[in-house]
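Asks: Quick one, fold the following:
(chains A and B)
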Amino acid sequence: MLLDATSIKSPLESLDPRVKLVATVAFSVITAVANRFPVLLMALALGAGLMVVARVTASDVIRRLTPVNLLMLFLWLFLPLTYPGESIQSIGPFTVTREGVLYAARLTVKSNAIMMALIVLVTSTPVFTLGHAMHELGIPQKFVHLFLFTYRYIHVLYREYLRMANSLKIRNFRPGTNWHTYRTFSYMVGMLLVRSVDRADRVHRAMVCRGFNGRLYSLREFKFTGRDAAVLTAAALVVLALGVWEWVIGT
Amino acid sequence: MGNRDLIINLEDIHFSYPGGQPVLNGVSLKFYRGDRVGLLGANGSGKTTLFQTIMGLLKPTGGRLEIIGRPCTTEDDFRFVRRKIGLLFQDSDDQLFSPTVLEDVAFGPLNLGKSREEAMASARSTLDYLGLKGFEDRITYKLSGGEKRLVALATVLAMEPEVLLLDEPTNGLDDRTREILTHTLTRLDLSFILISHELDFVNQVTNTVFAMENGRILTDAEIHVHQHVHAHPYGSSAHKHS
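Replies: Numbers count the residues shown, from 1 in each chain, chains lettered A, B, ... in the order given. I've put the predicted structure just below:
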């Protein structure tokens, strides 16, 4: 259920996680703000290329891109019909606009390109390492802690959810469209919330007992090598090139 | 016994949650270096609350708390207490929050101001001591229940406490892990208080037994129960009186 660094070895795994994080963020930002199709398709191609380098398996790709594209499907249902612009096709009382179609297409390409970069990031970096890299990059402690603890305890909460779901099952609960079902589910969600607050409290106490003073330590030391410098430079150039293509050559 | 060896001194400790019934209702306890105390009592009799009060996690609503001759009231006082006393929680998932075992065990020593190398070294030796060699890079949430308990014990022991507070340490353990725990507790040169409902285990590792009832620790005269219990090798399981 959890995302985790897979055991496959790729050349990206040994890179300094800070470099990967910075490069991914820069790439995502430029892709998110760009609007021209050649630039966006280039970003998509780069994302796909990175996945090949990172040796992401096809099943992983499908598993992780499906949710995004389901959302996109939803947008494709509405955007072409609702976005104001030049009409290209009428379906009954609705008209499909050119701008709407382009807008939906842009969003689809953008989100897939960004998702691909993120998939590469999480499959080549253990999540905890990512947390420590965030810390090293000067991201506020609160965010880093939030990130790390969410990851650590989502598993525990999931097990608590499963226990509750099982206790419903053994008492023959069958969900239906009725008040009993709604009430049961809302109790369950409420109980999960209460339990996670309790859990958070106990975890904090356990940490205080061990002298916690607001700092988390990483035993891993990050090494910035020549190879990291080269990758960082290349990433900067790519992002710059995309920007130039979008705003300088394009206009 | 000299006053120097009095580690925990509780006098008439009271605690209640806001608007609730009193949980601790005048607890007094003197705990000396070398004591190995078993704490029995029904669920809800205040045992866990007592531990949390000693660690400064809950502030008593009345009474006096002294650790190694220092009265403790402020957070600063309890920071000192937490160097001397280690608490093993009932649920190890509460205690293990770091990605890997080594990082979790090193967390305490790092907080005590040790360097990264020193902390890693003491974490390693603690793990070795508990027979957890090779666990360093294991992911904490993927450990089995027994492994989690032992690693949680390692996280406490790595801080080199003088006293351990163990909250139902054998809860949910298989025989093998219980064996390791029993063995560790008997050979450790440590003082401890342990909460348990398993009388066999309590008999094996402790030399004094107290009972708690309704937020109070019963004096020896009031607990005949445990002496009866000592006499029976089968502990709480059904048996015939001869």
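
Asks: tell me what whichever strand or helix holds B:Val209 is packed against?
Replies: Assigned by DSSP states H and E, B:Val209 belongs to strand B:208-213. Applying 3 or more C-beta pairs under 8 Å, 6 or more residues apart in numbering or on different chains; DSSP states H and E, one finds that strand B:208-213 makes contact with strand B:36-41, helix B:225-230. Using the backbone N, CA and C atoms, a C-beta is placed for each residue, glycine as well.

Asks: what's the least confident stretch among these?
Replies: For these, mean pLDDT drops lowest on helix B:225-230, to a mean of 46.

Asks: and the strand holding B:Val209, what's its mean pLDDT?
Replies: Throughout strand B:208-213, pLDDT has a mean value of 90.

Asks: Downstream of that strand, the next helix or strand is which one?
Replies: Beyond strand B:208-213 in the direction of the C-terminus, DSSP H and E gives the next helix or strand as strand B:216-217.

Asks: Please list the outside residues in contact with that following strand.
Replies: B:24-29, B:46, B:210-211 (C-beta atoms under 8 Å, 6 or more residues apart in numbering or on different chains).

Asks: mind giving me the domain split of chain A?
Replies: Here the domain parsing of chain A from automatic domain parsing is A:17-125+A:221-249, A:140-209.

Asks: wait, which of these is closest to chain B?
Replies: domain A:140-209 (4.1 Å; C-beta to the nearest C-beta).

Asks: for the record, mean pLDDT for that closest one?
Replies: 88.

Asks: Straight-line length of that domain, end to end?
Replies: 24 Å (C-alpha to C-alpha, to the nearest Å).

Asks: Quick one: the strands in the chain, in order.
Replies: If you meant another chain, say so; for now it's chain A. Secondary structure of chain A (DSSP state E): strands located at A:87-91, A:94-97.

Asks: I was thinking of chain B, sorry if that wasn't clear
Replies: Under DSSP E, chain B gives strands at B:6-16, B:22-32, B:36-41, B:62-67, B:70-71, B:85-88, B:163-167, B:191-195, B:208-213, B:216-217.

Asks: Of the ones you listed, flag the one that's most buried.
Replies: strand B:85-88 (a mean of 26; mean count of other C-beta atoms under 10 Å in any protein chain shown).

Asks: rewinding a little: could I get the domains of chain A as a markdown table with mean neighbour count?
Replies: Converted to a markdown table, the domains of chain A look like this (neighbours: other C-beta atoms under 10 Å in any protein chain shown):
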| stretch | mean neighbour count |
| --- | --- |
| domain A:17-125+A:221-249 | 16 |
| domain A:140-209 | 14 |
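
Asks: could I get the ones you listed as a markdown table with distance to chain B?
Replies: Shown next, in a markdown table, are the domains of chain A (distance: least, C-beta to the nearest C-beta, whole Å):
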| stretch | distance to chain B |
| --- | --- |
| domain A:17-125+A:221-249 | 8 |
| domain A:140-209 | 4 |
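
Asks: B:Asn9 is nearest to which of these?
Replies: domain A:140-209 (19.8 Å; C-beta to C-beta).

Asks: what separates that closest one from the chain centre, distance-wise?
Replies: Relative to the centre of its chain, domain A:140-209 is centred 22 Å away, using C-alpha atoms, centre = their mean, to the nearest Å.

Asks: What residues does chain B have near chain A?
Replies: For chain B, the residues in contact with chain A (C-beta under 8 Å from any C-beta of the partner chain) are B:52, B:55, B:57, B:79, B:82-83, B:86-87, B:89, B:91, B:93-95, B:97-100, B:102-103, B:106-108, B:110-112, B:116, B:119-120, B:140-141, B:155-156, B:159.

Asks: Show me which of those residues are buried.
Replies: Neighbour-count burial (16 or more other C-beta atoms under 10 Å in any protein chain shown) applied to these gives B:52, B:55, B:57, B:82-83, B:86-87, B:89, B:91, B:93-95, B:97-100, B:102-103, B:106-108, B:110-112, B:119-120, B:140-141, B:155-156, B:159.

Asks: Just the ones of those residues in helices?
Replies: Among these, the ones falling in helices (DSSP state H) are B:52, B:82-83, B:93-95, B:102-103, B:106-108, B:110-111, B:119-120, B:155-156.

Asks: give me the number of residues near B:Gly131?
Replies: Number of residues near B:Gly131 (other C-beta atoms under 10 Å in any protein chain shown) recorded here: 12.

Asks: Likewise for the one 3 residues further on?
Replies: Around B:Gly134 sit 10 other residues, with neighbours defined as other C-beta under 10 Å.

Asks: Would you mind measuring from it to B:Ala119?
Replies: For B:Gly134, the distance to B:Ala119 equals 19 Å [C-beta to C-beta, to the nearest Å].

Asks: next one: A:Arg106
Replies: Per C-beta to C-beta, A:Arg106 is found 51 Å from B:Ala119.

Asks: Over to A:Ala45?
Replies: Distance of A:Ala45 to B:Ala119, given as C-beta to C-beta: 46 Å.

Asks: got the contact list for stretch B:185-203?
Replies: B:7, B:31-41, B:47-48, B:51, B:161-170, B:178, B:182, B:204-206, B:209, B:226, B:229-230, B:235-236.

Asks: how does it look with 7 Å?
Replies: Residues outside stretch B:185-203 that contact it (C-beta atoms under 7 Å, 6 or more residues apart in numbering or on different chains) are B:7, B:31, B:33-40, B:47-48, B:162-170, B:182, B:205-206, B:209, B:229-230, B:235-236.

Asks: Looking at chain A, which helix is longest?
Replies: helix A:179-209.

Asks: Report the central residue of chain A.
Replies: A:Leu118 (6.0 Å; C-alpha atoms, centre = their mean).

Asks: Please list all residues in contact with it.
Replies: By C-beta under 7 Å, 6+ apart, A:Leu118 lies in contact with A:Thr24.

Asks: CA-only coordinates of the helix-or-strand element of chain A with minimal mean pLDDT, as PDB, when you get a sec.
Replies: Within chain A, confidence by mean pLDDT, DSSP states H and E is lowest for strand A:87-91 among all helices and strands, at a mean of 82. Output in PDB follows, covering the C-alpha atoms of strand A:87-91 (Å, rounded to 0.1, in the frame of the first residue of the first chain):
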ATOM      1  CA  SER A  87     -17.500  26.100 -31.100                       C
ATOM      2  CA  ILE A  88     -16.200  23.100 -33.100                       C
ATOM      3  CA  GLN A  89     -19.000  20.600 -32.600                       C
ATOM      4  CA  SER A  90     -22.500  20.500 -31.200                       C
ATOM      5  CA  ILE A  91     -23.800  17.500 -29.300                       C
END
